[in-house]
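*Asks:* could you look at this predicted model? Sequence included:
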Amino acid sequence: MTVNLDPADWAALRAQGHRMLDDLLDYIEHIRTRPVWQPIPDEVRLSLREPLPEATSDLAAVYEQFKRNVLPYATGNTHPGFMGWVHGGGNPAGMLAEMLAAGLNANLGGRDHMPIEVERQIARWMADLFGFPDTASGLFVTGTSMANLLGVLVARNAALGAASRSAGVAGHRLVAYTSKAAHGCIAQAMEISGLGGAALRLIPTDERHQIDLTALKLAIAIDRRDGLTPFLLVGNAGTVDIGAIDDLVSLADIARCERMWFHVDGAFGALAMLAPDLAPRLAGIEQADSIALDFHKWGQVPYDAGFFLAYDGEKHRETFASPAAYLRREARGLAAGSPWPCEFGPDLSRGFRALKTWFTLKVHGAARIGGVISETCAIARHLKACVEARPELELMAPVALNIVCFRYRAADADRLNAKIVADLHEEGTVAPSTTVLGKGLAIRAAIVNHRTERRDVEALVERVVALGAEATRAAA
Ligand SMILES: Cc1ncc(COP(=O)(O)O)c(C=O)c1O
């Protein structure tokens, strides 16, 4: 008996593979005709429960199970009606590239092979986009949560020197600053890095949800007076709740004067650099020491494709590079090509995320992706206008980019709007999410997907008004 996992019948595998590819292309082509999301029936959820399979199964049979029980119950972020959280729509070229990457099964931790050059090329493109020098470094990671963690770690290393990698941070009282509107993964990065969540100062924001610069300067002064060491300032280029962009020029200035590392969380907002009408709003980002961003959000690359960019590649490398005999470098052969990506982050084995990103950027071009980004903001402005035109609805926050927060007016607005959103999810036409802002719970529509059109946000408004009126009548 052979234990080789390749098929005995390549022709049959080829035919089955073509069917699977065709089905997925059909799925994407006709995605609008499906519900955005649908509840998972118990029997479907239970259908996967079985002991670890000992025996072989036919690929076609396993695929049928996928088609029946997995595919119809996905998140739905490929659908034009998906507006929840901050999810990109993916794109077919990126999907095909992911198949090619899986075929190559490349490990981008290191060694001398062309897939790493693809990743390096994307790092060069990003360095150019943000005005960083040739000595900048870039690395694919899972997402911005991980890229922000890298930012904290590189900043810690820059503050304490490479010796802190073995000595640890004991005896140093490092403090970091960001705004109250920052994503929770920044506090989590402080926790994971051992600096402690309490060492992150969450500075108040103004009415536009931008960090209050006076409060920031005051917090830094108080910490210095108390003998602490401010080491990191995190600016936001598109806050998760409403898409606010901090005054990055002023933050860069403060970071420079205070000798702090300036990191920008640009999870989705950083790629607004591709949109000529939005790029000026990111002024100051070019002065960052590091930037975290996701290609899987506004960049429309299939999940996952986060990216970390550092202005000073050497400082980045110093944070992670760990020589090991079994990773010895050579001047020639497969072990050449140093430095290897594994020197720039905690992962040794790494997949080929760069390929789907390279295909997406090459096939569609940066201008077209920028056009998508710009258009999602125009659709958000249209949604804002639709909300303002309905007396039953209340806008809950300024619309800075592509996110609109609003709610149905009611006495028990928090409960009612949470119900409306859950009803919308189950109806399957549009799927926003919720957040809690100063005034309470808001329906939050983040227009990220390139497939979303004006009619989708109009449908959102119509359904919210109808469900709100229905619930209000039922309660009367
Ligand atoms: C501003 C911001 N930062 C960080 C993140 C986390 O990114 P990821 O989900 O890619 O880890 C998000 C996610 O929406 C975000 O909007």
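*Replies:* Received it, and whenever you're ready, just let me know what you need. Everything quoted here is computed from the prediction, not taken from an experiment. Residues are numbered from 1 along each chain as shown.
*Asks:* up against the ligand, what does the chain have?
*Replies:* Applying Cβ under 6 Å from any ligand atom, we find that the chain lies next to the ligand at 86, 143-145, 183, 185, 238-240, 265, 267-268, 294, 306. Bear in mind the C-beta positions are built from the backbone N, C-alpha and C, glycine included.
*Asks:* pLDDT and neighbour count added to those residues, as CSV?
*Replies:* Output for the residues of the chain next to the ligand, formatted as CSV (pLDDT from 0 to 100; neighbours: other Cβ atoms under 10 Å):
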residue, pLDDT, neighbour count
86, 96, 24
143, 98, 20
144, 98, 28
145, 98, 20
183, 98, 22
185, 98, 21
238, 97, 31
239, 97, 27
240, 95, 23
265, 98, 30
267, 98, 27
268, 95, 29
294, 98, 26
306, 98, 24
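*Asks:* show me those residues that map onto strands.
*Replies:* If you go by DSSP state E, the residues of the chain next to the ligand have 265, 294, 306 in strands.
*Asks:* hmm, back to that, of the residues of the chain next to the ligand, which pair is most distant in space?
*Replies:* Spatially, the most separated pair among the residues of the chain next to the ligand is 239 and 306, at 17.4 Å (Cβ to Cβ).
*Asks:* packing partners of the host helix or strand of residue 188?
*Replies:* Here residue 188, judged by DSSP states H and E, is contained in helix 184-192. With contacts defined as 3 or more Cβ pairs under 8 Å, 6 or more residues apart in numbering; DSSP states H and E, helix 184-192 has these neighbours: helix 144-160, strand 174-179, strand 200-203.
*Asks:* please redo it, this time with the cut-off set to 10 Å
*Replies:* Applying 3 or more Cβ pairs under 10 Å, 6 or more residues apart in numbering; DSSP states H and E, we find helix 184-192 packed against helix 144-160, strand 174-179, strand 200-203, strand 229-236, strand 261-266, strand 290-294.
*Asks:* the fifth one pairs with which strands, and in what direction?
*Replies:* Spelled out, it's strand 261-266. Strands adjacent to strand 261-266 in the sheet, as given by DSSP bridges, are strand 229-236 (parallel), strand 290-294 (parallel).
*Asks:* using JSON lines, please lay out the ones you listed together with distance to residue 78.
*Replies:* Shown next, in JSON lines, are the strands paired with strand 261-266 (distance: least, Cβ to Cβ, whole Å):
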{"stretch": "strand 229-236", "distance to residue 78": "27"}
{"stretch": "strand 290-294", "distance to residue 78": "16"}
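*Asks:* out of those strands, deepest packed?
*Replies:* Compared across these, strand 290-294 shows the largest average neighbour count, a mean of 30 (mean count of other Cβ atoms under 10 Å).
*Asks:* residue contacts, residue 53?
*Replies:* Residues near residue 53 by Cβ atoms under 10 Å, 6 or more residues apart in numbering: residue 62.
*Asks:* before we move on, the earlier item: need the residues that contact the helix holding residue 188.
*Replies:* Under Cβ under 10 Å, 6+ apart, the answer for helix 184-192 is 143-153, 155-156, 174-176, 178-179, 183, 195-200, 202, 232, 234, 236, 240, 263, 265, 267, 292.
*Asks:* so where's the chain uncertain?
*Replies:* The chain contains residues with pLDDT under 70 at 1-2.
*Asks:* what helix or strand is residue 405 located in?
*Replies:* Using DSSP H and E, residue 405 falls within strand 403-408.
*Asks:* who does that strand pair up with?
*Replies:* Sheet partners assigned to strand 403-408 using DSSP bridges are listed as strand 393-395 (antiparallel), strand 440-446 (antiparallel).
*Asks:* need the next SSE after it, C-terminal direction.
*Replies:* Next element after strand 403-408 (DSSP H and E): helix 413-427.
*Asks:* what angle separates that next one from strand 403-408?
*Replies:* Here the directions of helix 413-427 and strand 403-408 differ by 110 degrees (axes from the mean of the first three to the mean of the last three Cα atoms, to 10 degrees).
*Asks:* in helix 413-427, which residues are buried?
*Replies:* For helix 413-427, the buried set under the neighbour-count rule, 16 or more other Cβ atoms under 10 Å, comprises 413, 416-417, 420-421, 423-425, 427.
*Asks:* including distance to residue 434, could these go into a markdown table?
*Replies:* Converted to a markdown table, the buried residues of helix 413-427 look like this (distance: Cβ to Cβ, whole Å):
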| residue | distance to residue 434 |
| --- | --- |
| 413 | 11 |
| 416 | 11 |
| 417 | 7 |
| 420 | 9 |
| 421 | 5 |
| 423 | 12 |
| 424 | 10 |
| 425 | 11 |
| 427 | 16 |
